[in-house]
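[1] give me a 3D structure for the following:
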Amino acid sequence: MALTRNFLKSMALTDEQISAIIENHAETVEALKKERDGYKEAAEKASEVAKERDTLHAQLEKAGDAAAVQKEFDDFRAAVAAEKDTAARKAAWRDVLKSGGVQRSEFIDLLEGQTDLKAIEMKDGKIVNADALLEPLKAKFAPCFGTAETVGTQMIAPPAGDGKPALTKAEILAIKDTSERQKAIANNLELFQR
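    Okay, the predicted model is just below:
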């Protein structure tokens, strides 16, 4: 069953509710399409690897030189393993940078370039001694590191006096200097809230 405006109206929903549902539905559909496209790309890559495997297998049968083909396959396998290792190191290092206080992705990219990922020691998918690796970066690139701080709303003191405005609305609007007029409006907001 399609999700249509007429269907939603038959459920006695308001136009605003219908619009919100349609927007959320459209976003969900877009996200699913992107996910589908990602799976399609992965399937195409797997298909390419399978074709390459079949080609190498055919070459092996034709050539009869199993050692050469085995070496090519081992080299290919080593390249894939190195690529996976580099990706895992990169992801783990980015996580360490984020947990170390780097908030912006531009800073993460900068600091990632300052680190030799191959020299990082890893154990069980985690970086060993991550704090020691962060210390030189914190010393050299201190502005990139920080912590999020929540600040409450600043309290504003009520205007002094007996509660009666010092000026009338007409007097405030007659002030020629813009900044003075704005200050007077801010000090007498109750005149402009009716």
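[2] what about the helices in this protein?
    Listed in chain order, the helices of the chain (DSSP state H) span residues 5-9, 15-63, 66-99, 105-113, 130-140, 169-173, 178-187.
[3] now the ones you listed as CSV including mean pLDDT and distance to residue 150?
    To be clear about C-beta, it is placed using only N, CA and C from the backbone, and glycine gets the same treatment. As requested, the helices of the chain are exported to CSV (pLDDT from 0 to 100; distance: least, C-beta to C-beta, whole Å):
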stretch, mean pLDDT, distance to residue 150
helix 5-9, 82, 39
helix 15-63, 85, 29
helix 66-99, 82, 18
helix 105-113, 75, 21
helix 130-140, 76, 23
helix 169-173, 87, 36
helix 178-187, 88, 26
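[4] do you know which of those helices lies nearest residue 152?
    If you check each of the helices of the chain against residue 152 by C-beta to C-beta, helix 178-187 wins as the nearest, at 20.8 Å.
[5] how far does the closest one sit from the chain's center?
    When C-alpha coordinates are averaged (C-alpha atoms, centre = their mean, to the nearest Å), helix 178-187 and its chain have centres 41 Å apart.
[6] C-alpha coordinates for that helix, CSV please?
    Coordinates of the C-alpha atoms in helix 178-187 are reproduced here as CSV (Å, rounded to 0.1, in the frame of the first residue of the first chain):
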residue,chain,number,x,y,z
THR,A,178,19.8,53.9,16.5
SER,A,179,22.0,52.3,19.2
GLU,A,180,20.4,54.5,22.0
ARG,A,181,16.9,53.7,20.7
GLN,A,182,17.7,49.9,20.7
LYS,A,183,19.1,50.2,24.3
ALA,A,184,16.0,52.1,25.4
ILE,A,185,13.8,49.4,23.8
ALA,A,186,15.8,46.6,25.5
ASN,A,187,15.4,48.4,28.9
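[7] so which bits of it are buried?
    Under the neighbour-count criterion of 16 or more other C-beta atoms under 10 Å, helix 178-187 has 184-185, 187 buried.
[8] and stretch 124-143, by the same measure?
    127, 130, 133-134, 137.
[9] can I see the domain layout of this structure?
    When the chain is parsed into structural domains using automatic domain parsing, the resulting residue ranges are 1-64, 166-194.
[10] now these as JSON lines including distance to residue 119?
    Listed next are those as JSON lines, based on distance: least, C-beta to C-beta, whole Å:
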{"stretch": "domain 1-64", "distance to residue 119": "30"}
{"stretch": "domain 166-194", "distance to residue 119": "58"}
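[11] of all these, which one is nearest residue 110?
    Closest of the domains of the chain to residue 110 is domain 1-64, at 28.0 Å (criterion: C-beta to C-beta).
[12] enumerate every residue touching residue 68.
    Applying C-beta atoms under 8 Å, 6 or more residues apart in numbering to residue 68 gives no contacts.
[13] from residue 188, how far out is it?
    90 Å (C-beta to C-beta, to the nearest Å).
[14] then residue 75?
    For residue 75, the distance to residue 188 equals 80 Å [C-beta to C-beta].
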